[in-house]
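Kindly generate the corresponding structure for this input.
(chains A and B)
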There are 2 protein chains.
Amino acid sequence: MRLKTMWMAVAMAMAPTAQADEGMWMPSQLPDIARQLRAAGFQGNPADLADLTKPPLSAVVKVGGATGAFVSREGLVLTNHHVAFGVIQYNSNPKRDLIQNGYVAADRSQELPANPDFRLRVTTGFDKVTDKVLAEAKGKTGRAYYDAVDAASKSLVAECEREAGYRCSVVNMFYGRDFYLVKQLELRDVRLVYAPPRAIGNYGDEVDNFVWPRHSGDFTVLRAYVGPDGKPADYSKDNKPYTPPAHLQIASQGVSEGDFVMLAGYPGITYRHRTATEFADQVQWRLLKSVEVMKQLQGVIEEAGKTDKQASIRYASQLQSLKNGIKRFSGELDGLKRSDAVSIRRKDETAMLAWLDKQPSAKTLNPEIAAAAKVIAEGNATRERDLLFALMQSQTQLMRSAISLQRLAYERVKPDAQRETSFQQRDEDLIAGMLRQVQRRYDPTVEKRLLTALLARYQQLPDAQRLPEFDAAFGHTPAELAAALDRVYGATKLGDEAQRLSWLKAAPADVTKSDDALLKLAAQLQPALLRIDEQRKSREGDLLRLRPAYMQALIAYREQQGRAVYPDANSTLRVSYGKVTPLKARDAVNYTPLTSTEGIVEKNTGEEPFDAPMPLLDAIAKGDYKGYLDAKSGVMPVNFLSNLDTTGGNSGSPVLNAKGELVGLNFDSNWEAVSASWMFDPRYKRAIHVDMRYMRWLMDKVYPAPHLLKELGVPAK
Amino acid sequence: MRLKTMWMAVAMAMAPTAQADEGMWMPSQLPDIARQLRAAGFQGNPADLADLTKPPLSAVVKVGGATGAFVSREGLVLTNHHVAFGVIQYNSNPKRDLIQNGYVAADRSQELPANPDFRLRVTTGFDKVTDKVLAEAKGKTGRAYYDAVDAASKSLVAECEREAGYRCSVVNMFYGRDFYLVKQLELRDVRLVYAPPRAIGNYGDEVDNFVWPRHSGDFTVLRAYVGPDGKPADYSKDNKPYTPPAHLQIASQGVSEGDFVMLAGYPGITYRHRTATEFADQVQWRLLKSVEVMKQLQGVIEEAGKTDKQASIRYASQLQSLKNGIKRFSGELDGLKRSDAVSIRRKDETAMLAWLDKQPSAKTLNPEIAAAAKVIAEGNATRERDLLFALMQSQTQLMRSAISLQRLAYERVKPDAQRETSFQQRDEDLIAGMLRQVQRRYDPTVEKRLLTALLARYQQLPDAQRLPEFDAAFGHTPAELAAALDRVYGATKLGDEAQRLSWLKAAPADVTKSDDALLKLAAQLQPALLRIDEQRKSREGDLLRLRPAYMQALIAYREQQGRAVYPDANSTLRVSYGKVTPLKARDAVNYTPLTSTEGIVEKNTGEEPFDAPMPLLDAIAKGDYKGYLDAKSGVMPVNFLSNLDTTGGNSGSPVLNAKGELVGLNFDSNWEAVSASWMFDPRYKRAIHVDMRYMRWLMDKVYPAPHLLKELGVPAK
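From the prediction side, this is the model:
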């Protein structure tokens, strides 16, 4: 406890007072913060950025779960090498290894079609539909509120998608306060134009992941095509390049330390405006407990692997993913502690509520804020059980298969539209794939040990968290649990692939009545799992109804502080601004914000992932950098660091200078920023970008593509 | 090859032109470099530093293999916590754990006696004796030259040590050009006065070893005592504090980035003036091959440990030491490559030889330089065999015991003075200890596998490197080797401790004629090992005779370049100067040269070795730093970084400011400097020091010792 106090004192002493450069702004908010934007160095008119469906923001596109941008009038798109990796892989084979060697399309005819499921989405509509979405929900609570929102949203989407070639969705801002209908043109013919070799595009790979300083050419150039009629079409030789509504111009100069930069992209999810109680739960329980349980599962797999080589191979990928999860959660925990997130959020919320008490709106808002807190507390009451059950389904193979088969049987008897998400007709291929995959990833002894670890923890939970169906199935003692698992896994035939797949084809009633031991067990557990699901949706419905009061209070509180509030990230287009910024990572350790080609040579070992290709090493030795050097530092830039506000989904986001010209391509964050999904700490939060000068130099001097440089408006030197 | 070229190009481009701040100067050289010293910022008179037996350099003392300094008129000595660790350990027991808790002697009566073999040495004489040492050697070569130097040195030492309380030695400078008789007063009663807890004195331990940024309070205060007659004496209550010939004054202010600093101490060994061929041998063969073979031995031990828990425990320490060696050698190799040491040294030597060719001295020097090169080449001809034999003796337990017992029997029949170093009467206790230790560190299967790895390599050597005695003992094929090892290890009784120790007491002739299988084998190998020894000494004698020509050429060449040459380090007192210097460790990674108490908190995990004591953490949280903050950066300093030229042995060296006042205590180097024993690269070579402000703050605010601060002349604030 004393240590904690000391930590806090230090954190407080170091904590910044201003919320400098924090924010993932909706474009429509930019005119409201015009003064700050200009003060930070932006030279354009913020009002020009207010509509994300109009130029220049309409040049920013969604690429899968990430971002990209149009960079030529004829449909060239720039995104990350890791975002377009599937396209490169799809076009690679042992005889033509584009992953290893990279690719330069000599002309349009050489541009290679992407995998058929690859999509680019251009946002063409972004309309407020709050009234429509909430029309039927008003007055309802819990599950009914949830269902009313869900039904209204589905209906809006269905209507919107009637126009061919479009994909629509309803998103909510400020946790249910505002709803928007997003309409996106979906481009289906996308082609590979230029990719660097893996050892450039992914130089450093896992070793350098989340690391600064970084030296990766993580970019790829694609081109979007449409049918002869100008409409989205599947790949065809007759298709022609798509004319985007706008495209970005690559800057002729680069940026240096301290220069203004801004970024547009599709950040996935953040939790910045969660309540202080949720912050405390995340730091003091959720991350700690998750790491604790995941480490136990890691131990189980490693122990089993010591004596069983085959098990060790089968669980290698699961083990790796557990390790990654543990590393990430631990990093998030360290970061939130370092930033003293819990106490800072608590202080802020306490001050906000004290302020609110003096406002007239307190009368309506306070009861809803209190009610929301109660719902959150209800969810937390069973958090340990819910964590264990989630792991029981994600970390097992056969158990998960059985539970999925039973749930599918339960859903299949409903009309497709009413079936639970992930258990609709269109999901059945995915389920079949999962059932097949089991074969390479399952070992009965290991699965029993993993379940033993999780369910032994479950058995020790207080009565209020336990469920009769589970107690009946697994007993109350370790001995009963062991006996139950031995019996079920000794008898089930689900270990056989044909058996598993046959149940996928069986009539729902037959699955429900199956006498396979594991399917029978899953049937026995199902009512409990359905009940948990029901409770969760009811809580979600209530929170969708109640959280807006908290957000309204926060927005009003910030307003009188002279600050605007951005909504938490939700995969919609956002803009952030800031500057090229060094990082004081630790005591006496300073990172400068530009890396140079010299660093590639320093890191190079000749072995993957530090095996820069010879043409690159030769070009560095030659040092023909004329026109590409950073004026301020005199080095040939590779990557640069900014304090831009980003999160997962911002991969491939274009980074612009003060004039709105393209200077970089976002591709990663630093390790110290792992906790930024909860709290933006300006001391540590950085984003990592490919410098466009490096891309241009590679396309000019190393793997030349003069025709593309010309099309990009930055001809070879 | 192309990669190498590229590396070189980059290294060349980055390589500095000046040899700024390099040098471990003999004090007598300082007046010669007075201009540089003053230009660097030294404010005193360099002539005052020319005599290491006079103040202020007579305040610098040798502490074991390291350094310390007198810091009060009444014999207080400051050195590193790790240098005085044995003293702290000697005074610790489970009830009074000074390692864990630290120690503050409340008054003189509480000062605790050091372990009886602990010694402080004050240099009182340093006289050139070249003529005496070489008088009988002149005209001789090889072994005879070696013996003549050896005999003359031993006689000078014997004469010098006739005065009670003194320890003498003959050292040579410039590889045999100059010889000095060093006379040192040996203080035997040394007491522990002040030590911080382990978690301050060794904060970070192995994790932070060789690491910057560093946060260690690696200091301890001792006091030297003498008998009532003022002469060195064993510990006694009647002893009184020793009055040193000089003591250093702690500075009232600290130093900041860019400030002048100098350091005096006893650096152990460097190879800076070795020939270009020796540089190439070190980088291109010796380090590479050593790492290769050591990794193989590591693999053997790890493999055996997988299935044999007991073997894994017995070889844990040997494994750790192999790993440390591999890490260190690899670091040295990386560093020498990074600095492009081989080609830089080759270019320098080529230029020197070209210059020499035009000088009159070429006629006498050239033949000797050529002859030295021949001797070095001869030694290299058997380098692989010699490496394998060295490992055969250092990495085995029973084999080493048998070889030592046979060698001891061979030496014991001679008069003690003529016995080989390490096999004299006074060494027999050490040998007994080694024979006893075997019990905890030996496993026959592992030892056979280690020998198999080494001797299989030996069997593949060309004929010229092999020896008839070894071939006869181990055969020419792996099968013969396996049979020989099985036979010998199956039959020997040396695995039994009592047996081993009984052979230590046996008559030499009985050992020689022993029919124990392993002793017999060792007897069989002995003539070969003696021959190798003989050849080595002959080469050493010739190099002692011939290298001075190379040094003379180098000194003359440097002189016309306007540069002085310091002799390679040899555990004699040296002075280096430089400044407080940041480190650009890698591309985009900059280290500032001062760490702060904030960094202690950042690193603290609460678990060893990052478990700072509560009183320290509380004091940091309180932040009562008045009078101790660094003026320039505003932080409370802990350690600082300089470009001072140091190597092993410089631990505990006092670091002085421009006025000669004490500002720091040297205790480590950065990892990038591991290769500095061969080449000083000003880009990377740094030394790490405890900041005296941190020591004073700890003694003032955290573990108070106001009486000591007063004695040190820097009273508590």
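
Those residues of the stretch 201-350 of chain A touching chain B, which are they?
Residues of the stretch 201-350 of chain A found near chain B (CB under 8 Å from any CB of the partner chain) are A:Trp212, A:Pro213, A:His215, A:Arg338. Where C-beta positions appear, they are placed from N, C-alpha and C, glycine not excepted.

Roughly how far does A:Phe210 sit from A:Asn604?
20 Å (CB to CB, to the nearest Å).

swap that for A:His689, please
22 Å.

next one: phi and psi at A:Ile250?
For A:Ile250, the backbone dihedrals (degrees, to the nearest 10) come out as phi -70, psi 130.

for A:Phe667, same thing?
Dihedral angles (degrees, to the nearest 10) for A:Phe667: phi -140, psi -10.

so what's the residue nearest to A:Pro654 when sequence neighbours are not counted up against?
Leaving aside its sequence neighbours, A:Pro654 sits nearest to A:Ala69 (CB to CB, 6 or more residues apart in numbering or on different chains; 4.1 Å). Contacts for A:Ala69 (CB atoms under 8 Å, 6 or more residues apart in numbering or on different chains) come out as A:59-61, A:77-79, A:247-248, A:264, A:652-654, A:662.

Tell me the secondary structure of A:Lys632, please.
coil (DSSP: H, G, I helix; E, B strand; the rest coil).

pLDDT averaged over the longest helix along chain A - what is it?
As assigned by DSSP state H, the longest helix anywhere in chain A is helix A:517-560. For helix A:517-560, the mean pLDDT works out to 97.

Name the residues of the stretch 501-650 of chain A found near chain B, please.
By CB under 8 Å from any CB, the residues of the stretch 501-650 of chain A that approach chain B are A:586-596, A:598-599, A:601-602, A:604, A:606, A:614, A:617-618, A:620-621, A:623.

Could you identify the buried members of those residues?
A:586-589, A:591-596, A:598-599, A:601-602, A:604, A:617, A:620-621 (16 or more other CB atoms under 10 Å in any protein chain shown).

now, which of those residues lie within helices?
Per DSSP H, the subset of those in helices is A:Glu598, A:Gly599, A:Val601, A:Glu602, A:Leu617, A:Ile620, A:Ala621.

Out of those, which comes closest to chain B?
A:Gly599 (2.7 Å; CB to the nearest CB).

tell me the domain boundaries of chain A?
A:1-119+A:188-269+A:570-717, A:353-545 (automatic domain parsing).

Return the most buried member of those domains.
Most buried of the domains of chain A, by mean neighbour count (mean count of other CB atoms under 10 Å in any protein chain shown): domain A:1-119+A:188-269+A:570-717, with a mean of 20.

pLDDT of it, averaged?
Throughout domain A:1-119+A:188-269+A:570-717, pLDDT has a mean value of 93.

cool, stretch A:471-487 as well?
97.

Helices of the stretch 351-500 of chain A, start to end?
A:362-381, A:383-394, A:398-412, A:428-441, A:444-459, A:468-474, A:478-491, A:497-505 (DSSP state H, counting those that start in this stretch).

so which of those gets nearest B:Leu185?
B:Leu185 lies closest to helix A:444-459 among those, at 66.8 Å (CB to CB).

Can you tell me what sits against that closest one?
A:293, A:296-297, A:300-301, A:304, A:308, A:311, A:314-315, A:384-385, A:388-389, A:391-392, A:395-399, A:466, A:470, A:474-478, A:481-482, A:485-486, A:489, A:495.

in the stretch 551-700 of chain A, which spans are strands?
In the stretch 551-700 of chain A, the strands defined using DSSP state E, counting those that start in this stretch lie at A:574-579, A:583-586, A:589-591, A:594-596, A:637-642, A:654-656, A:662-669, A:687-691.

Neighbouring strands of the fourth one in the sheet, and parallel or not?
This means strand A:594-596. Strand partners for strand A:594-596, identified by DSSP bridges, are recorded as strand A:637-642 (antiparallel).

returning to what we had before: tabulate the domains of chain A (JSON lines), appending distance to B:Gly578.
Below are these laid out as JSON lines (distance: least, CB to CB, whole Å):
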{"stretch": "domain A:1-119+A:188-269+A:570-717", "distance to B:Gly578": "18"}
{"stretch": "domain A:353-545", "distance to B:Gly578": "56"}
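
mind checking which of those domains is nearest B:Thr364?
Closest among the domains of chain A, using CB to CB: domain A:1-119+A:188-269+A:570-717, at 43.4 Å.

For A:Tyr625, which residues are in contact?
By CB under 8 Å, 6+ apart, the contact set of A:Tyr625 is A:Thr597, A:Met636, A:Trp697.

A:Phe179 versus that one, what's the distance?
51 Å.

And for A:Ser153?
Taken as CB to CB, the span from A:Ser153 to A:Phe179 is 8 Å.

intersection of neighbour lists for those two?
With CB under 8 Å, 6+ apart as the test, A:Ser153 and A:Phe179 both reach A:Val133, A:Val170.

how about the residue of the stretch 51-200 of chain A found nearest chain B, what does it touch?
Ranked by CB to the nearest CB, the top residue of the stretch 51-200 of chain A for proximity to chain B is A:Ala199, at 13.2 Å. Neighbouring residues of A:Ala199 by CB under 8 Å, 6+ apart: A:Gln100, A:Glu608, A:Pro609, A:Asp611, A:Ala612, A:Pro613, A:Leu616.

Inside helices: which ones of the residues you listed?
A:Gln100, A:Leu616.

Give the burial count for A:Ala351, as a bare number.
A:Ala351: 12 surrounding residues under other CB atoms under 10 Å in any protein chain shown.

just A:Arg563 next, same as before
Count around A:Arg563 with other CB under 10 Å applied: 15.

ok, so what distance separates A:Tyr684 from B:Val207?
If you go by CB to CB, the gap between A:Tyr684 and B:Val207 works out to 22 Å.

can I assume A:Asp48 is in contact with A:Phe42?
No - under the criterion of CB atoms under 8 Å, A:Asp48 is not in contact with A:Phe42, lying 10.5 Å apart.

Between those two, which contacts overlap?
In contact with both A:Asp48 and A:Phe42: no residue, using CB under 8 Å, 6+ apart.
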